[in-house]
Structures are given as C-alpha cells and as structure tokens.
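> could you look at this predicted model? Sequence included:
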Amino acid sequence: MEITELQLPYSAADRGWLRYEPRDSLQGLPVWSRIFVSEWSDTLEAAVRELRYGIREMSGQSPEIVVGGESLAQGAFIRCATVRESLPNELHSDLLLQDLNEDGYLLKHVADKENGGCLYIVGRTDKGILYGAFHLLRLLQMEVPAERIDLVENPRNPLRMMNHWDNMDGSIERGYAGRSIFFKDQRLIEDDGRIRDYARLMASIGINGISINNVNVHEAEARLITAEYLPQVARVAGIFSAYGIRLFLSINYASPMQLGGLATADPLDSGVRQWWKEKAVEIYRYIPDFGGFVVKADSEHRPGPFTYNRTHADGSNMLAEALAPYGGVVIWRCFVYNCMQDWRDRTTDRARAAYDHFKPLDGQFRDNVILQIKNGPMDFQVREAVSPLLGAMPQTNQMLEFQITQEYTGQQKHLCYLVPQWKDVLDFDTYARGEGSTIQRVASGELYDYKHCGITAVINVGDDENWTGHTLAQANLYGYGRLAWNPDLSEAEITEEWIKQTFGTHAAVVEQLTTMLAESWRIYENYTSPLGVGWMVNPGHHYGPNVDGYEYSVWGTYHFADCHGMGVNRTVKDGTGYTGQYFAENAERYESLDSCPDELLLFFHHVPYTHRLHSGKTVIQHIYDSHFEGADGVEALIERWRLLEGLVDPKRHEAVMGRLRHQAEHSKEWRDIINTYFYRKSGIGDELKRMIY
Ligand SMILES: CO[C@H]1[C@H](O)[C@@H](O)[C@H](O)O[C@@H]1C(=O)O
C-alpha cells in the first residue's frame, strides 16, 4: 500500500512533544521491520504514518507498512488490529480487552523467540488504534523498553474538548501566541499543513472535539454556518476527522434574525424552530460528523432567550431539537451574570450567578444539551473556589471548562503550570452524593448517569512557531489533554511524560524542569492578588497589576479593601449567602473563619488586616511575605533554567530565558504595587522592616 509520507514539519511549526529525537535505547537494535494493519481507513492511515515516521526518526530504521497481509514476518513487527480480528491467545485471554470502550486500546508486547517479538495495538475502533499508536510513541520517546509494554487504556471522559476563541480576522480573544491557525482576512486559512500538525498534537493527547471559533460570535463568524463558508469549514472538519476529532462551531443565538431575516429569535416561535432545523440539515450535508454548537447566550451582552422572557432550557432545547436527528449536541455555557453591577450594591454577587440561573432548571434540558461550567464561579483566577453548580444538577448533563490560555495567569509571558490547579479542582469533593463525589466524577458522568459529559478548555495556541508563545506553556496544553483522558494521572506522571518527550531524558533536565513547573503556580500566586480575592489586574487586557483596576466598575469583581480590612463576605450569616450554594460539608467549612482554608480566605470573608491566618501570620504580613517570596521565586526559576544551558538546544533555551527575565522584572512590579497599596491603606508596617516601594 502506498501511503503518503509524513513530512515533518509540515509547516514551520515546532513539533511540541511529538519531537521523535533519536533515542539511544532504539539505536542499532533490530526494531520493527513491518507494521501490519488488516483494514484501511483515514484514521488507520494517520496511525501507521505516524508510527513509521516516529520510529524512523528515533531509531534510524524504517518499517514497511503491510495492509491486509498475514502477519507472519521475519523479525519483530507491530500489528494494529481491532478486537473483531483474530488475535493470538495471549491477547484473547486478556479480560481487559473485553472492557475496551470506543476510544480505548490495548498495547502489549508478545515475546516470540524466532521473530523477536510483536507489539500489538488493539482497539475497539480505528480511533482506539490511533490513540494506541500515539501512546506507543510516547513510551518510546520516554525510553520505556518495548518488552515491558503491557497496558489497557480507556478514556474516562467521553468528551475531551478544546475551545478556540479565534475570530475570522485572525485575532484571538485572550490569545498570547500569535494569530489564529484557522482564520485570516475573514476566510479559513488554506495551509492544511499547520492544521494537520495541530490535529496530530491534539489526537496524541486524546482530544476528540474542537470548536474553532470564539464564543463571542461577531457578525462575520455568525456566517460560518452558511453556504458561503461551510465548504471551507468542511475541509478543516475532514482533516480533523482522520484524527478522530469532531468539529464544533460557536453560533450566534440570534442567527435566525441576522442570517435568516426573521423578526425574532424567540425559541418558542415555530418559524425560528424551523429555521434552525433547516440549518442543521444544511450543515450536516457538508459535515456529516459535525459535533454541534457551542453557545454563549445572555452573557456579556450576547443575545439569548432572556430577550423573549424564555429560559435557558427553552433556548438550548430548541437548538438541541434541530441537531438531535444527526447526533449533534448543544454545549450551552453557564457564564451568565450581571455585568452591569454597582459596586455599592453588596447583595448582588457575581459568584452566585451561574447557580442561581441554572440550578432551578435541572431536569428541563433535552438529553443532547450539555451545560458547560467554568471551574470557578468567577472567571479563571489564579485561585478561586470551585463552582458550586458542578454536581448540583443530577438530571442535567454537565461539562467542566478550564482555561489553558493564561488570561489571568501571566499571559504566557510568565511561567505558570496549571496542572496542579486543575488537579485540585478535579479532586475537589462536592459531597453531592456523599463523600467521594469529586468533580472528576461529575464531569466523567460516573456520579450521575449523564448521556453526554466531559471536559473542555479554552486553548492557548496560535500561529507562533512554538504554538504557545512561551515554550514551557506547551506543558499546560499537554497536561490538560492528559487529564481530560485520565484525571487520575498524577502531576508527577504528566510532568515527566511532557519533559521527556519535549526536552529529552537527561536527568538534570528532568529534575530542574520538574521543580520549575511544580513551583510556578504558587510563585505566580504569591506575587499577584492574595488569598483568593482575585483580579487586581489592568482592565481590558488583564495584564499587570492594578489593585483598583476593577474596583469601582460594573463587572462585579471587587476586593472591598478599606483602611480596616478587605475581602468579600460571601457567608450565609451576614454576607451574600453564596456559601449556602455548596453541599453541607463545604458550606460549613467555608462559612466559618475557623475552617475556611487560608488560600481562599478573602474569597469568602471580609476580615481586618490584623486577622490571623491558620499559618499564624496576619493577613497584612502574609501579603508582604508572599509578595517578597513570589518575586524571589522567579529569580530561583532563572537559576534553575541557567543550569540547563547546553542541555537544552540554544534556541529554546534563550527564548525561555528571555521570558523568565521579563517575568522577574514584572513580578517585582506586582510585588511593589500590591505591597505599597496595602501598606498605605492599612498603615501597618512590615515586621521584617523590608523596604516597601
Ligand atoms: C470570550 O469572552 C471571555 C472574555 O474575553 C474573558 O475576559 C472572560 O474571562 O470570559 C469571557 C467568556 O468566557 O465568555
């Protein structure tokens, strides 16, 4: 079978973790002479092409691909098969094989004295084989000996998505890595190479759904669902398809008016319903495996059902009804709140909004609607509480939304590894059905029997050569995908995988980078807004310190600092009542100053600067100490990175060093602005008598 070679890089892009650098462990050994595959499909082609390429790059030997032939080869070989094929006894007796789900796979080395052994990649579907192929390449890059490979993997989350906030003019809302890889000058980009490289990266971490345009759907993007653009969108969907990825689009809720010339977008209007049904027919004609719609409605001035006095159930159900015949889903975002607030009004609490809006609607949504809920009730801050809406709707499909793009966490100029933050969220116990009702079990559908569910994230890539601006921000992209596949993977496992694939297996590289990544979130938190209160950023672009930047604005994001104290009183007793949205165990823990964790103190309580934390420090002293520590922490990152000079190629070494230097400067600015603000406000000096600038 003639298959096109994988030409890498297709584009000028960095290979990310699919580097396939030569590996000592594979040099000179009789590797695999052939790759057998009994059937053929675009997905299997993608799998074997990747295998052959990766093995050749790492070992210097190029296996031959054999389609449909007997796997009676001389020498070692790889065989890709589905569970329907006849397999050696060793595999059939493997009970785990029966348990493979749609996307799962088995990787197993079967020793054979004469032939040198065979590596089996078995999936229930071709997609499973593709994921298995990427996993094998991951293990080989990590120098795991082939004879030791024996595993079965099933993804925990049915939906493992990425959301792009890309606009058709090529800009990216909250993008920090260049321009869009999909759009330019109001058209879809025709360079398939970059998009294919991107699809490979995504498939290698198990992503199976991607929405390619911003949830803020402007005039131009609304037209992506029209005949003018659908052929171009279908081309991208075709590339994705081979890699097991379904394409989604964000839509404008008022499309029937904008595109159809209707006088209303009322979800109960029969003309509107008919319009969407016909729209679905049209979309699926172009893209038979279209995933569905992502919808931001009645949020930050986007249109939605509230205009017609209808609920979000009415609005989403109408769209779901149109997509249902084709297996499409409606992903409806719960980021709905009053963005025209008055800071004097202490009863309105933005953190309450999603729960207040959606919880009463539990059970009213069609089974192909999924509610997409941000991890926290505010907005992707460096630290905030976990959204109480997650787990609070037993009868409504939910999915969790993370933000990989570092809007509030240093915009990919600062190093901030978010895997530890995401782990905290995934392991958070909601107590929805007693102990052990973790967020990861809500998202995966294990807690309640959801028909559709999973995890999504706002992605951090653009057309920068290294995809993510900061090379080390690739770790967030990788780590998110791995967690979406298996939320039980530990931070250490994910970090090791990423480093070894991306920078090689040298012990010093692994050691230093592991520490840098592990400490970076805390370092960033230390020099920015303290104790869970959030914000304190410059309005609009959200980069850099500005303590009162949002304090007197309409967005509902206040710290309420005065000369006595600071923080938001969200208690039931005499605050906004937000703590009451949690199940009892958490409600009580957050309600009381005695049990509220330090790192979230100012998220839940307004306290005097002299309030003593569990750590033993006063709030004001904690502010000073953490800000000095944070800025010093960045200097320590630089020292560690310096040790890797000569062990990391000069290009990437210099690029990362440049970003770290900027971070060091900027962290001092953060430190000084925050410290001086609270020194002046509180009138309390630093116990250690350091100079407060
Ligand atoms: C796409 O809009 C974004 C907006 O840029 C961002 O500042 C805010 O965090 O969240 C919005 C959302 O999630 O809808």
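Perfect, thanks for sending it.
> could you check how far the residue most central in space within the chain is from residue 172?
Centre of the chain computed as the mean C-alpha position; nearest residue by C-alpha atoms, centre = their mean is residue 457, 3.3 Å away. When C-beta to C-beta, to the nearest Å is the yardstick, residue 457 and residue 172 sit 14 Å from each other. Placement of C-beta: from N, CA and C, glycine included.
> over to the residue of the stretch 451-600 of the chain found nearest the ligand: give its phi and psi.
For the stretch 451-600 of the chain, the residue closest to the ligand is residue 542, as judged by C-beta to the nearest ligand atom, at 6.6 Å. Phi and psi for residue 542, reported as degrees, to the nearest 10, are phi 70, psi 20.
> what's near enough to touch residue 136?
51, 78, 107, 119, 121, 149 (C-beta atoms under 8 Å, 6 or more residues apart in numbering).
> quick one: mean pLDDT for stretch 270-281?
Averaging pLDDT along stretch 270-281 yields 98.
> repeat that for stretch 82-99.
Stretch 82-99 comes out at a mean pLDDT of 78.
> okay, buried residues for that stretch please.
Applying a neighbour-count criterion of 16 or more other C-beta atoms under 10 Å, one finds 82, 83, 87, 91, 94, 97 buried in stretch 82-99.
> next, give me the two most distant ones among those.
The largest separation in the buried residues of stretch 82-99, counting by C-beta to C-beta, is between 82 and 94 at 14.6 Å.
> just give the nearest non-adjacent residue to the residue in the stretch 401-550 of the chain that the ligand sits nearest to, would you?
In the stretch 401-550 of the chain, the residue that lies nearest the ligand is residue 407 (5.8 Å; C-beta to the nearest ligand atom). Among residues not flanking residue 407 along the chain, residue 174 sits closest, at 4.5 Å (C-beta to C-beta, 6 or more residues apart in numbering).
> surely that neighbour and residue 405 touch.
Yes. Taking contacts as C-beta atoms under 8 Å, residue 174 lies within contact range of residue 405: 5.1 Å.
> my read is residue 393 is in a strand, agree?
No. In this structure, residue 393 is coil, not part of a strand, as judged by DSSP: H, G, I helix; E, B strand; the rest coil.
> enumerate every residue touching it.
Counted by C-beta under 8 Å, 6+ apart, residue 393 has contacts 358, 359, 362, 371.
> distance of the closest residue in space to the first one that isn't next to it in sequence from the ligand?
Counting by C-beta to C-beta, 6+ apart, residue 358 lies nearest to residue 334, which is 5.3 Å off, once chain neighbours are set aside. Taking C-beta to the nearest ligand atom, to the nearest Å as the criterion, residue 334 is separated from the ligand by 10 Å.
> try residue 277
From residue 277 across to the ligand, the span is 27 Å (C-beta to the nearest ligand atom).
> how many neighbours does that residue have?
Neighbourhood size, residue 277 [other C-beta atoms under 10 Å]: 16.
> pretty sure it contacts residue 321?
Yes. Between residue 277 and residue 321 there is a contact under C-beta under 8 Å: 7.5 Å.
> still on that earlier bit, could I get the contacts of residue 136 as a markdown table with neighbour count and pLDDT?
Shown next, in a markdown table, are those (neighbours: other C-beta atoms under 10 Å; pLDDT from 0 to 100):
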| residue | neighbour count | pLDDT |
| --- | --- | --- |
| 51 | 28 | 95 |
| 78 | 26 | 92 |
| 107 | 20 | 96 |
| 119 | 22 | 92 |
| 121 | 27 | 96 |
| 149 | 17 | 94 |
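> got the residues of this structure near the ligand?
Contacts of the chain with the ligand, taken as C-beta under 6 Å from any ligand atom, map to 165, 173, 174, 215, 216, 296, 335, 379, 380, 407.
> okay, these in TSV with distance to residue 463 next?
Shown next, in TSV, are these (distance: C-beta to C-beta, whole Å):
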residue	distance to residue 463
165	14
173	15
174	16
215	20
216	20
296	24
335	27
379	26
380	23
407	19
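> quick check: ChimeraX command selecting the buried ones in those residues.
Command for ChimeraX that selects the buried part of the residues of the chain next to the ligand, burial taken from 16+ other C-beta under 10 Å:
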select :165,174,215,216,296,335,379,380,407
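> my guess is residue 294 is in a strand, correct?
Yes. Counting by three-state DSSP, residue 294 falls inside a strand.
> on that earlier part again, keep only those of the contacts of residue 393 that are in helices.
Among those, the members falling in helices are residue 358 (criterion: DSSP state H).
> output the contacts of residue 393 in TSV; the columns should cover neighbour count and pLDDT.
Below are the contacts of residue 393 laid out as TSV (neighbours: other C-beta under 10 Å; pLDDT from 0 to 100):
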residue	neighbour count	pLDDT
358	24	98
359	15	98
362	14	98
371	25	98
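> quick check, nearest of the contacts of residue 393 to residue 188?
Checking the contacts of residue 393 one by one against residue 188 (C-beta to C-beta), the nearest turns out to be residue 371, at 29.3 Å.
> isn't the closest one up against residue 358?
Yes. In this structure, residue 371 is within contact of residue 358 by C-beta under 8 Å, at 6.3 Å.
> any common contacting residues for these two?
334, 389, 393, 396.
> and the residues you listed as CSV, adding secondary structure?
Formatted as CSV, those follow (three-state DSSP):
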residue, secondary structure
334, coil
389, coil
393, coil
396, coil
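> just put the residues you listed in a markdown table and tack on distance to residue 613 and pLDDT.
Below are the shared contacts of residue 371 and residue 358 laid out as a markdown table (distance: C-beta to C-beta, whole Å; pLDDT from 0 to 100):
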| residue | distance to residue 613 | pLDDT |
| --- | --- | --- |
| 334 | 32 | 98 |
| 389 | 28 | 98 |
| 393 | 34 | 98 |
| 396 | 38 | 98 |
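> from those, which is closest to the ligand?
The closest of the shared contacts of residue 371 and residue 358 to the ligand turns out to be residue 334 (C-beta to the nearest ligand atom; 10.3 Å).
> contacting residues for that closest one?
Shown in contact with residue 334 (C-beta under 8 Å, 6+ apart): 354, 357, 358, 371, 372, 373, 374, 389.
> how near is it to residue 91?
Residue 334 is 44 Å from residue 91, by C-beta to C-beta.
> got the domain ranges for the chain?
24-153, 159-492, 527-568+606-682 (the TED database).
> tell me the most buried of the ones you listed?
domain 159-492 (a mean of 21; mean count of other C-beta atoms under 10 Å).
> start and end of it, how far apart?
In domain 159-492, first residue to last residue: 24 Å (C-alpha to C-alpha, to the nearest Å).
> please enumerate the helices of the stretch 451-600 of the chain.
Here the stretch 451-600 of the chain has its helices, by DSSP state H, counting those that start in this stretch, at 474-485, 491-503, 507-527, 584-591.
> tilt between the third one and helix 474-485?
Angle, helix 507-527 to helix 474-485, by axes from the mean of the first three to the mean of the last three C-alpha atoms, to 10 degrees: 90 degrees.
> that older thread, quick one: contacts for the residue nearest to residue 407?
165, 405, 407, 458, 542.
> hmm, try it at 7 Å
Contact analysis of residue 174 by C-beta atoms under 7 Å, 6 or more residues apart in numbering lists 165, 405, 407.
> what's the answer for residue 230, then?
Residue 230 makes contacts with 283, 286, as judged by C-beta under 7 Å, 6+ apart.
> mind running it again at 8 Å?
Residue 230 makes contacts with 224, 282, 283, 286, 287, as judged by C-beta under 8 Å, 6+ apart.
> cool, residue 567 as well?
Counting by C-beta under 8 Å, 6+ apart, the residues that residue 567 touches are 531, 533, 559, 560, 601, 602, 603, 604, 605, 606, 607.
> the second one against residue 569, yeah?
No. Residue 533 is not in contact with residue 569 according to C-beta under 8 Å; the separation is 11.9 Å.
> next structured bit after whichever strand or helix holds residue 424?
Following DSSP states H and E, one finds residue 424 within helix 419-427. With elements assigned by DSSP H and E, the helix or strand that comes after helix 419-427 is helix 439-443.
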